[in-house]
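In: Provide a 3D model corresponding to the input given below.
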Amino acid sequence: MDQLALIVGLLLATVVAVGLGDRLRLPYPVLMLILAASLTFIPGFPEMDISPELILPIFLPPLLFATAQRSSWAVFRVRWRTLLMLAVALVVASTAVVAGAAWLMIPGIGIPAAIALGAMVAPPDPVAVDSIAGRVHMPRRLITVLQSEGLFNDAAAIVIFQAAVAASTSGTRIGPEVVIQFVVGAAVAVGLGIVMGWLTGLITRLVQSMVARSAVTLVVPFAAYILAEELHASGVIAVVVTALEMKRHSRPQDAAERVTRTAFWDVVELLVTGLAFGLVGLEIRQVIRDEGAAVLGMAGTAGVVCLLVFVVRFGWLAMMSGMARSQKNTLRPTSTKEVLVLTWCGMRGLATLALALALPVTLADGAPFPARSEMLVIACAGLLTTLVLPGLTLPWLMRVLHASGDGSEERDAARILASRAQEAAIAALKDTEFIKALPPEKVALVKEKMTRLRSDLLGRNLPDESVDEKRKRGRELAIAVQTIALDAARQEIVDARNEPDTDPEVADRVLRQLDLRTMIMPE
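Out: You can find the predicted model right below:
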């Protein structure tokens, strides 16, 4: 009962943290982490007993799925070089540097265990970045780069960690088979994700209940993750690909389902994120309490590792910035200002904690796992340093660097998409056979409404006609024809969302306006 009460309490605290964060202009995941860590100082406060093996399978699938839904295949086709540089190469570089430092500073740790430590602190958390960056009006281009990095870097870190732990427990070395394991696992996960996306589309077409169709999307991420892990593939990649496939096969006519599903996932993401970071806070406090005064002796090593995490990321992004200027690649940081912002947004989170707690206690021969206590403390220190400090100071940094976006790029993109939707709607009026059979005055009525569509999508609502005028000018026929025109407009935006030059989130906003406009049309 204590466990259930604690979970309910954390969920309620999440709602409070969101409200408090809105008032203080601070990210609620950071507030949840601080709050949860503080609660454990209360005498008699219950401990959360959750198996380390369950942390990733419980929290990663829904959070990765929610983030991946805001992206598209077109984004990855354009950003694949940046994705490989950040999600794979930077993870490897961070792992190598931290492992080298740990091997030099921690007596008896051994190379495999040091590599495991490096993999634990290497991957930034996409959920933390998404929750924090949006509050400071970060330019969309930088947010999408961070999102793309965060969706896949856990996969590389988990493979390295598992190989390092296996080598450490068995007393063997890590060989080139890690690369083969990663490539094969990624390929299998991509195939599984495509199949899961297709199966989900089939199920949603067969199920009549809109609530049930939305519920299916909550089950699918867990199914994809578990199946991938059973096949020794990457559960992270399987979940991301499943989400991308489902978005790619989105149908224009599913307006009500999209609105319902979006509201459903907004609630799920908020509560799961708050619960996850609340548990992170509880576990950090527990690790520190278990180690006691020994934590102070590990502070120096932990400080060096935390500093190295920032330094490696800054140096890597600076190198990418130089390449971007020479290649005119705007998908990478193009200035020192952007390098600093992206470095400060390298926040660690769930994956770091879950991998740290997944460290075995003993080796195969029964001996204690080398330097396990130091590794746990260093991982928690890295998580606190890269999450709490940047989370609280990012708004200040954005103001000092004048790096906040004014939203003009998003508004311009929305205007272009709204214009395309309007043109598609008007074109449908000219090409549809049903329209040709209507009296000219009815066609004129609908064309007048569609010429107002662009302003409505951009939030500039014009006064509606009175009910009497609508009845007088052919209410039923006008609504029928508007439906045809709006279907064409939605189809245009759905197609545009899969284009390389379109920001998926901006397209989703315009599509949502069209969906809402369709839903409020009288029967």
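
In: what's the nearest residue to the residue nearest the centre of the chain if we skip its chain neighbours?
Out: The centroid of the chain falls nearest to residue 67 when counting by Cα atoms, centre = their mean (2.9 Å). Distances taken as Cβ to Cβ, 6 or more residues apart in numbering place residue 126 nearest to residue 67, at 5.1 Å, with adjacent residues excluded. Heads up, the C-betas are built off the backbone N, CA and C, glycines and all.

In: Next, give phi and psi for that neighbour.
Out: phi -70, psi -30 (degrees, to the nearest 10).

In: sec struct for residue 500, please.
Out: coil (DSSP: H, G, I helix; E, B strand; the rest coil).

In: Just give me the neighbour total for it.
Out: Residue 500: 12 surrounding residues under other Cβ atoms under 10 Å.

In: roughly how far out does the helix or strand containing residue 243 sit from the chain middle?
Out: According to DSSP states H and E, residue 243 maps onto helix 235-248. Put simply, helix 235-248 sits 12 Å off its chain's centre (Cα atoms, centre = their mean, to the nearest Å).

In: Check which helices and strands it is in contact with.
Out: Judged by 3 or more Cβ pairs under 8 Å, 6 or more residues apart in numbering; DSSP states H and E, the packing partners of helix 235-248 are helix 52-68, helix 73-83, helix 140-170, helix 177-206, helix 210-230.

In: One more pass at 6 Å, please.
Out: helix 52-68, helix 140-170, helix 177-206, helix 210-230 (3 or more Cβ pairs under 6 Å, 6 or more residues apart in numbering; DSSP states H and E).

In: rewinding a little: hmm, the residue nearest to the centre of the chain is touching residue 144, no?
Out: No - at 11.0 Å, residue 67 does not count as touching residue 144 under the criterion of Cβ atoms under 6 Å.

In: Next, count neighbours for residue 27.
Out: The number of residues packed near residue 27 is 30, by other Cβ under 10 Å.

In: Quick check, pLDDT for it.
Out: On pLDDT, residue 27 comes in at 80.

In: Excluding covalently adjacent residues, which one is nearest to it?
Out: Nearest non-adjacent residue to residue 27, counting by Cβ to Cβ, 6+ apart: residue 132, 4.1 Å away.

In: measure the one you found to residue 277 for me?
Out: Going from residue 132 to residue 277 by Cβ to Cβ, to the nearest Å gives 11 Å.

In: Looking at the two, which has the bigger crowd around it?
Out: residue 277 (32 against 27).

In: Mind listing what's buried along the helix or strand that one falls within?
Out: Secondary structure assignment for residue 277, by DSSP H and E: helix 255-291. Buried residues in helix 255-291, counted by 16 or more other Cβ atoms under 10 Å: 255, 257-261, 265, 268-288, 291.

In: and it, how far out from the chain's middle?
Out: Taking Cα atoms, centre = their mean, one finds helix 255-291 lying 12 Å from the centre of the chain it belongs to.

In: That one vs helix 210-230, what angle?
Out: If you take axes from the mean of the first three to the mean of the last three Cα atoms, to 10 degrees, helix 255-291 sits at 50 degrees to helix 210-230.

In: taking the mean pLDDT, what do you get for the next helix or strand after helix 255-291?
Out: Using DSSP H and E, the helix or strand that follows helix 255-291 towards the C-terminus is helix 294-327. Per-region confidence: helix 294-327 scores 83 on mean pLDDT.

In: Likewise for stretch 39-56?
Out: Stretch 39-56 comes out with an average pLDDT of 73.

In: Helix or strand: which one has residue 172?
Out: In this assignment (DSSP H and E), residue 172 forms part of neither any helix nor any strand.

In: same deal with residue 337?
Out: helix 336-344.

In: quick one: secondary structure of residue 109?
Out: Residue 109 is classified as coil under three-state DSSP.

In: tally of neighbours for it?
Out: Counted with other Cβ under 10 Å, residues neighbouring residue 109 total 23.

In: Give the helix, strand or coil label for residue 396.
Out: Put simply, residue 396 is helix when judged by three-state DSSP.

In: which stretches of the stretch 301-450 of the chain form helices?
Out: Assigned helices in the stretch 301-450 of the chain, in chain order: 336-344, 350-357, 372-401, 408-431, 433-436, 440-451 (criterion: DSSP state H, counting those that start in this stretch).

In: which of the ones you listed sits most buried?
Out: Of all the helices of the stretch 301-450 of the chain, helix 350-357 has the most neighbours on average by mean count of other Cβ atoms under 10 Å, namely a mean of 26.

In: which residues sit against that one?
Out: For helix 350-357, the surrounding residues in contact (Cβ atoms under 6 Å, 6 or more residues apart in numbering) are 52, 55-56, 59, 120-121, 123, 125, 154, 161, 276, 280, 283, 376, 379, 383.

In: Contact partners for residue 372?
Out: Contacts of residue 372 by Cβ under 6 Å, 6+ apart are residue 359.

In: can you tell me how far it sits from residue 116?
Out: Distance from residue 372 to residue 116, by Cβ to Cβ: 10 Å.

In: and what of residue 5?
Out: Using Cβ to Cβ, one gets 35 Å for the distance from residue 5 to residue 116.

In: More neighbours: the two, which one.
Out: Legend: neighbour count by other Cβ under 10 Å for residue 5 and residue 116, higher for residue 116 (33 against 10).

In: so where does the more buried one fall, helix or strand?
Out: helix 111-121.

In: Hey, what's the angle from that helix to helix 350-357? Just curious.
Out: 150 degrees.

In: Helix 111-121 to helix 140-170, inter-axis angle?
Out: Going by the same axes, to 10 degrees, helix 111-121 makes 150 degrees with helix 140-170.

In: For the chain, name the helix or strand with the lowest mean pLDDT.
Out: Within the chain, no helix or strand scores below helix 467-472, which has a mean of 53 by mean pLDDT, DSSP states H and E.
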